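**Q** build me a structure from this.
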Amino acid sequence: MTRRRRIALGIGLVLFLTGSTTFFPPFFDLLDRDGEFIPARDSRAFAAERADHKAIPSAVLDIACDGAADDAPAINAAIQDARTKYPPTQGSAWPVGHLIRLTLPPRQCTIRSTLNMTGLYGSGFVADFWGSSILCKTKGTPCIDMTGTGQASLLGLNVVGAAEDAPNIGLMIGRRTNDGVGADHLEIDHPTITGFFTLAPYVNLGSETTLVNHAWFSNWVPNAYGAIFDGLNHFHLASVFAQNGTLKPDHQYSFNENTCIECIVEVFGDGDIALWMGQTARHRWINGYIYYHPALETPEPAVQLYFGDGAVNDFLDLDVHFEDQHLSSLVQFIGSSNPSVRSLHMRDSYPSQSGPLFSRGSGVHTVEIQDADLHFGFLAGHNPSWWDSPSSYDVSGTIYSLDGSYKKPRNFSGMSCVMSKCNFFRAL
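**A** Presented below is the predicted three-dimensional model:
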């Protein structure tokens, strides 16, 4: 019997006698190809991987939440304690760390200063807010600042922006500074952020590969936004907490692979824009819903795609249903005189805007859409059309229209299906 086989049988006997399903030798980790044990590495990464799950700490925030006091200092103190005690394991591009679970009690908390959830980069951090709610009165600052936090989970967040002392942002995530450090791979599950926000309920400032699931973002403040995806820092935002630095404004950063599943965005204020996007690539909205409530003589579009400062919005999937008839258009192109979109995919069986599906903002002359995949059913609003001016669009790809409102743009190559008839066009 070989030495390796004797060792394996010995381990099996220990497991059988002890009833254990795992076995870690006290001073060894692995066998080499000759059956010899390799001495354990003295590394915090290995310690984290082999940690006793019962020993993983948990910070339970049992705050009074009486609706009168500012609960933010107590919450921030608990977060800082967790940040100090359980730093992330270094030496890896994907650190294991901040093994902490923060929970709020099933009551309403009131905050009058920003919650500091910044810099918690590590796959062990979870903010578990299921069953609780936060009344936010931060007066022109964010309710929650998660700048520089990545590989973390935010679960069941419920935030109400108060009309009095209204915040500017409900939840802000994003890069820490312009030093190349990302804040990516967040999971934000079932957030409800509603009420009064002078900028937007939700702002993503360059956080990549982030998943938002079943969100509801709504805003009642006029001349504001429902959600902002900003890869440029076009809005000149900075973390509330100075140690996180300031992201250089109007600068192109990598801003890829964000997904929003079953997300609802509603705006109620006059002059509001439901969704603003700039410098995005491979962003996907799946089964989304955008609702525009203001009834104005000069209504706004549902989505603005910004192309200023060299920004792009490429490989964009907007699988969204748009309501209602007060919308001026579904998508408006802004910021550049001749923007080009590479691969725009949209589908809506019953869009209800009054006006064109696509429009140009001030100073935009022509728009190019490459590899379009545009599927629209019956256009349900008043005087609907496809383009604000067909002669200003150059399009390639696939177009489907259920009714007869479709007009061919100035230049088109690809396939267009209007009702039951399809035609193929080749560029000259």
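
**Q** can you map out the strands along the stretch 101-250 of the chain?
**A** 108-111, 115-116, 125-128, 133-136, 144-147, 153-155, 158-161, 169-174, 187-189, 192-195, 200-205, 211-213, 216-219, 225-230 (DSSP state E, counting those that start in this stretch).

**Q** the shortest one: how far from the chain's middle?
**A** With CA atoms, centre = their mean, to the nearest Å as the basis, strand 115-116 stands 19 Å off its chain's centre.

**Q** what of the fifth one?
**A** For strand 144-147, the distance between its averaged C-alpha position and the chain's averaged C-alpha position is 13 Å (CA atoms, centre = their mean).

**Q** what do you get for stretch 196-206?
**A** With CA atoms, centre = their mean as the basis, stretch 196-206 stands 11 Å off its chain's centre.

**Q** and the end-to-end length of it?
**A** 24 Å (CA to CA, to the nearest Å).

**Q** check stretch 224-242 too.
**A** End-to-end for stretch 224-242, by CA to CA: 25 Å.

**Q** which residues touch the residue nearest to A215 when sequence neighbours are not counted?
**A** Take A215 and drop its neighbours on the chain: the residue closest to it by CB to CB, 6 or more residues apart in numbering is C263, 4.4 Å away. (C-beta placed from N, C-alpha, C; glycine too.) With contact set as CB atoms under 8 Å, 6 or more residues apart in numbering, C263 has these partners: 212, 214-217, 227, 285, 288-289.

**Q** find me the pLDDT at C263, would you?
**A** In this model, C263 is scored at 98, pLDDT.

**Q** the one 4 residues further on too?
**A** Confidence per residue is given as pLDDT, and for V267 that number is 96.

**Q** so it sits right up against L296, yeah?
**A** No. Here V267 does not reach L296: they are 11.7 Å apart, not a contact under CB atoms under 8 Å.

**Q** tell me which of those two has more neighbours.
**A** More crowded of V267 and L296, by other CB atoms under 10 Å: V267, with 29 against 12.

**Q** tell me what the more buried one is bridged to.
**A** V267 forms beta bridges with N219, Y292, as assigned by DSSP bridges.

**Q** and the gap between it and P222?
**A** According to CB to CB, to the nearest Å, V267 stands 9 Å off from P222.

**Q** same thing with D81?
**A** D81 is 40 Å from P222, by CB to CB.

**Q** same thing with R410?
**A** R410 is 36 Å from P222, by CB to CB.

**Q** write a ChimeraX command that selects only the buried members of the contacts of C263.
**A** Buried members of these can be picked out in ChimeraX with the line below, counting by 16 or more other CB atoms under 10 Å:
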select :212,215,216,217,227,285,288,289
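
**Q** the contacts of C263 into a markdown table, with extra columns for pLDDT and distance to P339?
**A** What follows is those, written out as a markdown table (pLDDT from 0 to 100; distance: CB to CB, whole Å):
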| residue | pLDDT | distance to P339 |
| --- | --- | --- |
| V212 | 98 | 26 |
| H214 | 98 | 31 |
| A215 | 98 | 27 |
| W216 | 98 | 30 |
| F217 | 98 | 25 |
| A227 | 98 | 21 |
| W285 | 98 | 20 |
| G288 | 98 | 22 |
| Y289 | 97 | 26 |
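
**Q** for L318, state which of the contacts of C263 is nearest.
**A** W285 (5.2 Å; CB to CB).

**Q** so where's the chain uncertain?
**A** Applying pLDDT under 70 to the chain flags residues 1-62, 67-68, 88-99, 123, 178-182, 427-428.

**Q** domain ranges for it, per the record?
**A** The chain breaks down by automatic domain parsing into domains covering 1-40, 58-425.

**Q** mean neighbour count, these: which tops it?
**A** Ranked by mean neighbour count under mean count of other CB atoms under 10 Å, the domains of the chain are led by domain 58-425, which reaches a mean of 19.

**Q** what's the offset of it from the middle of its chain?
**A** The answer for domain 58-425 is 6 Å, by CA atoms, centre = their mean.

**Q** backbone dihedrals for A82, please?
**A** phi -70, psi -40 (degrees, to the nearest 10).

**Q** what about it, distance to V126?
**A** 11 Å.

**Q** and for these two, which residues touch both?
**A** What both A82 and V126 touch, as defined by CB under 8 Å, 6+ apart, is the set 100, 102.

**Q** circling back to that earlier point, dump the strands of the stretch 101-250 of the chain into CSV; add distance to S336 as well.
**A** Listed next are those as CSV, based on distance: least, CB to CB, whole Å:
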stretch, distance to S336
strand 108-111, 39
strand 115-116, 37
strand 125-128, 38
strand 133-136, 35
strand 144-147, 28
strand 153-155, 34
strand 158-161, 32
strand 169-174, 23
strand 187-189, 31
strand 192-195, 30
strand 200-205, 21
strand 211-213, 27
strand 216-219, 26
strand 225-230, 16
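
**Q** closest one to I63 among the ones you listed?
**A** Closest among these, using CB to CB: strand 108-111, at 5.9 Å.

**Q** helices or strands next to that closest one in the packing?
**A** When contacts are defined as 3 or more CB pairs under 8 Å, 6 or more residues apart in numbering; DSSP states H and E, strand 108-111 packs onto helix 72-85, strand 133-136.

**Q** A311: which of these is closest?
**A** Nearest to A311, of the helices and strands packed on strand 108-111 and by CB to CB, is strand 133-136 at 30.1 Å.

**Q** for the closest one, packing partners?
**A** strand 108-111, strand 158-161.
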